[in-house]
Every structure is written in structure tokens, then in C-alpha cells.
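Asks: The following block contains a protein sequence and its predicted model.
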Amino acid sequence: MQQVLRLAGLVLVMVTAMGSMSRASAGQSNGDVIIVPQPVSSVVDLAARDLQYYVERATGVRMPILPEGSDVPTSATRRIYLGATRAALEAGLDPARLSRDAYSIRKSGDVVYLVGADGKGGPIDGGLRTPVGTLFAVYDVLDNDLGVRWLWPGKSGEFVPKQATLQIRDRDETVVPRFRFSGLRTERPEEILWMRRMRMHGADGMEYGHSFGDWGKKYFAEHPDWFEMDKKGERHPDKSMCVSNPGFQKQIVENWWAEQQKHPGSRSILNICENDGPGACCCPNCLAWDGPEPPWPRPTPYDTVHNVAQRYARFSMAVLKLAREHDPNVEVVGYAYSNIIFDPSGVALDRNVIMGYVPDVFFPRTAEMHEWVHRQWMGWVNAGGSLFMRPNYLLHGYCMPVNWTRQLADDFQFFETHGMIGTDFDSLTGMWSTMGQSLYVLGRLHVNPKAPVDDILNEYYSAFGPAANSVKAYWEYWERYSQEHLDVFRDGLWFYVRYPEQVAKRFPLESFGPAEKIMEEAERATVGNSDAAARVVFLKTGLQHAKLCVEASLAFSQAGTDTVKRKAAVEKLLAFRKTMTDPMVVNQSDGDVSCKGRETNLEWPE
């Protein structure tokens, strides 16, 4: 059989509740057995258990999981080999020949091989760092051959259509990740597992982020000229850097190379991301590196800032040139962030300059704002650099029923078509009942970036069974609502931190009435269908919670400084949260991006 190479959009614990690998007697099997290598890795262990679990959910048949070399029941008519088994190697499928997170699927007759490039770490507890090719091969089969869908993390988000048997089509193909790295930032294990099922993954050596936060303590006393100069000529150790300074550039490279020597053979990645804020040095040399001011109008928050994109493009190339004296293959990573976002026209970049594109133009957008974001991206692409998507979009919206799915998907597909090498979303806030449609579409685009958005949406709606049309109407209502009220959704860069403060302005109580009626229709449609009914309740609970948050915000603002009234303002909301048993409805953790994290910023009582 001719072998096919396929590119897939693979991407930056509540594992299947099966415990460790379980075995079933031959009488429980329809003739299929899962065979794993010995010793079995954590990646293959999870792959085997998930395959066993979902096939049983779909068909009612529990496949045995057997270590390679053990006796296979005489009733076994099909063998499914996972990972680096001897049988796979003898068949010419060597995972050592696969690139990171890639996998091969070969099925012919009564033998199936699912073989991937796997790492030694855990598939969940290490975030997305561990390569999990074999796990991706299993999710490919569950997705494309069994029709399993993961609408959101946890049992209530699992859609497993009933099948008579597991039918795996004949194929011989190797699937290579579409992106170099991809993911959404979270530490919640359930969400990391969901990302794995959407084929999201890490990349060797890709460590980056705001990088000069401790330089003031280390270097300011001796080298104040490395730090931001304000308009009065004064230097500051805790703001941005004087990136045109050759001594500063040299020190960056010396520090990187000293660290690189401790890890021989590792990929050379040099992090030069500016501190968290605008590039604002006003020294003559930095200003001389700047390009012209981009034309107006510009969207908020870029309407009043000074363009330093050319400055930081030149800085990236200067550091790259110095670093190549040590390693010609080095890559430098920076952020096109804050006032660095603009088209850096006039500066030529090397492909080894990697920029994380951070367009803080939040949704919903006007058509003009949307086009502006894409135009800046193309400026960096045309300059010659490599770009990945590093937005803050998902931080926005609090726990409100936001729907900007189509604009988010259009961003993703535009960037993917025009050179995107990876994704890193900050952050996955975990509001699955109120942001879930957008998150599902985003996840599925990581699996197949070219998929029509309407096809993905129909996948999502169909999982609600007889309530599919009502759920579609529900989300379309919120999409129309946001587009019809763009004037109240135009926010500054840091507005999301204090979103609960003015949530009633964006979602007045009367806005919930039409949505509540649609949810009532959905509930009536699912009578007698427990799975679909549970999913509708999931959405309805999020809607109820959102409305209570608006009520609490109004009462809290009216309470003033009266501590008794403040406590009473949130009492009903906090009582409702205690009744919420599914942790995926909204994020009730203590994290910064949770409901509590946003409310603590406003001193809401706990």
C-alpha cells in the first residue's frame, strides 16, 4: 500500500476515569485487542486506556489491553499495536524516525499500527512539553473513525456516537504537526487533556516571555544607559530597555551563550521579549531607529501610542547577528506587542527572527478594526520574520456569554494562511459554559486549520441532539447582541482585569431575557434524552451564573463603602456557586483569570 504523508493542524489529572491499564477477558471483546510495548510509557498508557474507554462507550465492547509478548486470546481477530512495539518495528514503523509529535497509522486487514514520536514524561502533568505522537494517533482514530467529539473538558462535554463496531479504514499515512508549537495557557489538568485531544503540543527549546524584569537589580547601577530614558533624559530601571545600546545587546548574547553551554545539543533559542509594557526609550539612538507614524484611524489601544516596530525589528536583527558568531542556527524570539505591533516596513528580517504577534484589539470588532489587525500581521510577514499567534483575547469577557467565534476563527485562518508557525493563547480562562462555542471552534481549527467554520459549528450543535437548533439560536443571539452593541464593547488594553465593575453596561439585565427563553426551548426539546439534556443544563447554568454576576455588580456598586451591604450584594451569587458541581461551567479556582480573580481586583467579598 502506498504510504501517504499528511499535514495536520496539531497544536501551546482528570484522565479517563479508568485507573491504571485494565484488562478484560476474551469474552468481553469482539475480537479486537490492544497490544502495548513493555515497559509501557505514560503516553502509551493513556493512549491505550482512552482507546479502550471510548470504543466501549461507542460499541459496548471492552477491548483487552495486553503487553506485547503475552498470550493473545484465540478469539482475537484484530490486533491494534500502540507505540514502539517490536511488531511495529518489524513492520518498518520506527518512531525514532518521526519528528516530534508526528505519528504513523497503518491499517491493513486485521492489523492496525498506531505509532508516534513519544517522550518520556507525562502527557498531562508536564503541560504540553512531552511529545505524544502515539496519543495523537489514537485521537485521530477516535475523531475520524469513531466520531468522538470533546465539546469541553470533562464527562459532560464528551459526545460519543453509538456504533456497532470500531471500523478503522484502511490507510497507511504519516501525520506531521502543522504547527511548530501550539496551545492555550492553563494549569488545569482537565483542560490540558482537552488540548491534547485537539492535538496541541509544545516545541523543543521554545522558552520565551518578558525577559528583562530582573535586569534593573543586576545592571542598573553600573549600566544605566541600558535602560529606558524618558523625555526628560532620566533613566529608569523598571520599565523598557534601551534596545539600540550595543553594550545591552552584547550582554544579552553573553548571558544566553553562557547558559547555552550548560545544555550542549539543545536548540538555540534566544529570548529578547521586551518587558510587559510599551517600548518607550527616548534616547536619540532609539528614536533614530524608529519608522514613520502609521496612519490614523487606529483601533484602541493603538490610537495614541508612538510606533516603535522598526526599532524592535532592528534590535532583533542586531542581536541575531551577534548570536550567530556563536551559533549560526540560533533563533531570537520577541513580541510584536503594545506599540511594537505596527507594520515594521523598511526593515528586512531574517526567518530566524520569531515574533509573537499580540494584537490587543479585543472582540467584537468593527470590520475596519479587524482588517487593521490583519494588515499589521502582513507587515511583519512581508518583512521576512516568522510569526506565531500570541493573543490576549481569551482574557476578555469575564464569565459573560460572549460569542465572537467567527471573528476569532477568521483571525486564526488568516494568520495560518499567511505564515503562522504556532499558537500561544494567553489564557484559557475556563468559562466553558459561556465561551465554549468559541473555544471549541478554536480547538478544532488546531486539528484542521482549513475546516469551514460552519462545519465545526454544526459539529458542536449536533452534540445537543434534539436541542441543536435551539443551541444554535442561543449562540447566534449573543453574536448579534455583541455586534449590535459595539459601542459599549470598545475597551482599553487592561479593561478585562476590572470587567465585573462595568459588566452591567455591557450585559444589562434585560439582555438575558431572549437568551433565557431560548434555553427554555432547548430544555423542552431534550426531554427523554439525558445526554443532550445535561449539555443544555451546562449552558443554562452558565447563563444563570452570568446574570447573577450582573446583579451582584449592580448591588455592589450601590453599596458604596458599607461592608454589610457589600456582603449582601454578592451573597446570592456565592450561594449559587456552591450548587455548581461541574468545575468546567465557569472557573471557580483561585487563579488570576478565574471569576474570583477578577472580582478580587474590585474587593468583592468572598
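Replies: That came through fine.

Asks: Return the set of buried residues in stretch 598-606.
Replies: For stretch 598-606, burial by neighbour count (16 or more other CB atoms under 10 Å) applies to R598, E599, W604. Backbone N, C-alpha and C define where each C-beta goes, glycine included.

Asks: How about stretch 370-386?
Replies: Buried residues in stretch 370-386, defined by neighbour count with 16+ other CB under 10 Å: H370, W372, V373, Q376, W377, G379, W380, V381, A383, G384, G385, S386.

Asks: Using PDB, list the CA coordinates for it.
Replies: Only the C-alpha atoms of stretch 370-386 are listed here, as PDB (Å, rounded to 0.1, in the frame of the first residue of the first chain):
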ATOM      1  CA  HIS A 370     -10.500  43.500  12.100                       C
ATOM      2  CA  GLU A 371      -8.700  44.500   8.800                       C
ATOM      3  CA  TRP A 372      -6.200  46.700  10.600                       C
ATOM      4  CA  VAL A 373      -5.100  43.700  12.800                       C
ATOM      5  CA  HIS A 374      -4.500  41.600   9.700                       C
ATOM      6  CA  ARG A 375      -2.700  44.400   7.900                       C
ATOM      7  CA  GLN A 376      -0.100  44.700  10.800                       C
ATOM      8  CA  TRP A 377       0.400  40.900  10.700                       C
ATOM      9  CA  MET A 378       1.200  41.100   7.000                       C
ATOM     10  CA  GLY A 379       3.700  43.900   7.600                       C
ATOM     11  CA  TRP A 380       5.700  41.600   9.800                       C
ATOM     12  CA  VAL A 381       5.300  38.700   7.400                       C
ATOM     13  CA  ASN A 382       6.400  40.800   4.400                       C
ATOM     14  CA  ALA A 383       9.500  42.000   6.400                       C
ATOM     15  CA  GLY A 384      10.600  38.300   6.400                       C
ATOM     16  CA  GLY A 385      10.200  37.200  10.000                       C
ATOM     17  CA  SER A 386       8.500  34.100  11.400                       C
END
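
Asks: With Q376 as the reference, measure out to the residue most central in space within the chain.
Replies: Nearest to the geometric centre of the chain sits L184, at 2.1 Å (CA atoms, centre = their mean). Taking CB to CB, to the nearest Å as the measure, L184 falls 22 Å from Q376.

Asks: Repeat that for G422.
Replies: Distance, G422 to Q376, by CB to CB: 18 Å.

Asks: if we can go back for a sec, what pairs with the residue nearest to the centre of the chain across the strands?
Replies: In this entry, L184 is beta-bridged to F425, by DSSP bridges.

Asks: out of the buried residues of stretch 370-386, which are inside strands?
Replies: Among these, the residues falling in strands (DSSP state E) are S386.

Asks: quick one: which two of the buried residues of stretch 370-386 are the most distant?
Replies: Farthest apart among these by CB to CB are H370 and G384. That separation is 24.7 Å.

Asks: Flag the shaky bits of the stretch 451-600 of the chain, pLDDT-wise.
Replies: Residues of the stretch 451-600 of the chain meeting the criterion pLDDT under 70: 491-494.

Asks: er, the stretch 1-150 of the chain actually
Replies: Across the stretch 1-150 of the chain, residues meeting the criterion (pLDDT under 70) sit at 1-30.
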